[in-house]
Structures are given as C-alpha cells and as structure tokens.
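# sequence and predicted structure, then a few things I'm wondering about:
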Amino acid sequence: MIYGYATGADGKPSAPIKLNIQDYCHILLTGSTGSGKSYALLYLIGCLLKDSPETEVFICDFKNSEDFRFLNDYPLYYAGQHCYEGVMEFFRRFNDARENGKSFKRRVLIFDEYPSYIFYQSMMDKDNKTKLVSDVTNAIATTLMLGRGISHAAWLVTQRAESSLFANGSRDNFQIIIGLGRLSKEQKGMIFTGEEIPNEPMKRGEGHLLSDGHKLRKVKFPLISDINDWKWHIYDILMRNLEHNRDSSQSTPLA
C-alpha cells in the first residue's frame, strides 16, 4: 500500500512510500487544524481499497464533517454520538474473529477526531454515570495490541496524540505515525521520540512519517485531481464489498 510520497531536496514528491499493509496496519495520523489530515485520510482510504479492495471498513466521524458526508448511505459509517456504536460493532466482529477463527481478509476501524470524541464522551459519562469512554479506549487498545495477527487494524486521526488517549500504553503499537504540518516541540516529543526534526515551514499535506524499521521520512500527499471522483470510487468499492460480504455470509456449502 502507498502511505504517501517521500519528498526530495526540492520539496517535491519523489518515490511512493510503499509498505505491506499486513505488517504496517495501524496508523496514527496527527496534525493541527488546516494541516491536511482529512485530505490525507481520504488519500489513504483510496490507496487501501486499491491495494486491498475486499477490506471491510468502519468509519467513525465524530464531527460529522462535510469531507465524509458522501458516506451517509454506507451502513458502516457512524457520525457524532453514533461513533460508540461503530467501535463496539467493529470490536464485536474483532472478538468473533479471534475466538471462532472465522476467515476474513481484512477489517479496518477508522476514527476521525478521536480526541474530541474522548473528551465529549468523558463529560457525558460523568453526567450519566456511565463508562462508555472506557469501552472505546479498551476496544481500540486491544485492537492495537492484538489486531495485526488477525488482519484487524485501527487508524486514528488526532490533533494531539497525548498518551492519555491510549489505554495501557497502546500508542506504542502503531506501525505508521504521520505528523502533518509544523508540529510543536511537545508534539514532536510525543510521537517522534528521539528523532531530530528541523523546524521548517510545511505546506498543507506535508509532514513526516515514521514506520517500524525505517528512518524518519518527509512525506507529502499528492494532489487528487478530481476529489469528487475519488470519493465516488471509495463509496462504490465499499458498497460493493459490503454486498459481497453479505452474500458470502448467507451462502451455504454444497452437500
């Protein structure tokens, strides 16, 4: 799968950063407002479905943004407060795969604006005397720690990737970390511990990528010439794949 493009000395995209999706399944995408996170996420989803079109994708969009409204009719798209349902349904299928050994090629949970949801749900839990936020953080932590072996992945999108968002130190289980824009010194220390990152201006969609076993690389997400067409192809693949999985689950073997 392509995770963006490495940039040359002139700042222009050079070679694609290609890594095996099975080994590099968990992604942490972080950056401030306006750094290009949503655009980069759409690019990565398109690359995922091109490389692995049979993937079942759960998308949790807490801010219910215009960027993902094209998925309103997709049954595994969860917006606003429904993000809890999305995580729990993904985790139910995750546990089913672990316990019963059911064959499934790939399943990915994508959570945009993850910290905002955690902050909101923490307040709601306090008012309602519930523990929904613990359900979510524990489900994601378990996925990050155990998901790679059964082809289940978590992609989280944040403005700040504070360790408090990740139960049981699970932040260390991301194989891909992408920091877009000009990160603060504190942010650099959070996600790129021990790496020397020069303090230089970054355009939208530019940043750094750290992957297991590789040196830190500058990364750029190329311009999508027709974003509406890109979205349509994502929607089309997701819906066709959902229908295929439904038909497969209902079929019975011949005697």
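Done, it's in.

# nearest residue to S163 other than its sequence neighbours?
R171 (5.7 Å; C-beta to C-beta, 6 or more residues apart in numbering). The C-beta positions use only the backbone N, C-alpha and C, and glycine is treated the same way.

# quick one: buried residues of the one helix or strand G4 maps to?
Assigned by DSSP states H and E, G4 belongs to strand 2-7. Buried positions in strand 2-7, judged by neighbour count with 16 or more other C-beta atoms under 10 Å: 2-5, 7.

# turn these into JSON lines, including pLDDT.
Formatted as JSON lines, those follow (pLDDT from 0 to 100):
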{"residue": "I2", "pLDDT": "96"}
{"residue": "Y3", "pLDDT": "97"}
{"residue": "G4", "pLDDT": "95"}
{"residue": "Y5", "pLDDT": "95"}
{"residue": "T7", "pLDDT": "85"}
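
# let me see the ranges of the helices in this structure.
Secondary structure of the chain (DSSP state H): helices at 37-51, 83-100, 114-128, 132-146, 185-191, 227-250.

# dump the ones you listed into JSON lines; add distance to L165 and mean pLDDT as well.
Conversion of the helices of the chain to JSON lines gives the following (distance: least, C-beta to C-beta, whole Å; pLDDT from 0 to 100):
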{"stretch": "helix 37-51", "distance to L165": "15", "mean pLDDT": "96"}
{"stretch": "helix 83-100", "distance to L165": "14", "mean pLDDT": "95"}
{"stretch": "helix 114-128", "distance to L165": "6", "mean pLDDT": "95"}
{"stretch": "helix 132-146", "distance to L165": "7", "mean pLDDT": "96"}
{"stretch": "helix 185-191", "distance to L165": "10", "mean pLDDT": "86"}
{"stretch": "helix 227-250", "distance to L165": "26", "mean pLDDT": "85"}
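
# before we move on, the earlier item: what does the strand holding G4 contact?
Contacts with strand 2-7, where a contact means C-beta atoms under 8 Å, 6 or more residues apart in numbering, come from 13-19, 24, 27, 40, 43-44, 47, 51, 176, 178, 206, 209, 211, 217-222.

# send me it as CSV with only the CA atoms.
Output in CSV follows, covering the C-alpha atoms of strand 2-7 (Å, rounded to 0.1, in the frame of the first residue of the first chain):
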residue,chain,number,x,y,z
ILE,A,2,1.1,3.6,-0.7
TYR,A,3,1.3,5.7,2.5
GLY,A,4,2.2,9.0,0.8
TYR,A,5,5.3,10.1,-1.1
ALA,A,6,8.8,10.8,0.1
THR,A,7,10.0,14.3,-0.8
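
# sheet partners, orientation included, of that strand?
Here strand 2-7 is paired, per DSSP bridges, with strand 13-18 (antiparallel), strand 217-220 (antiparallel).
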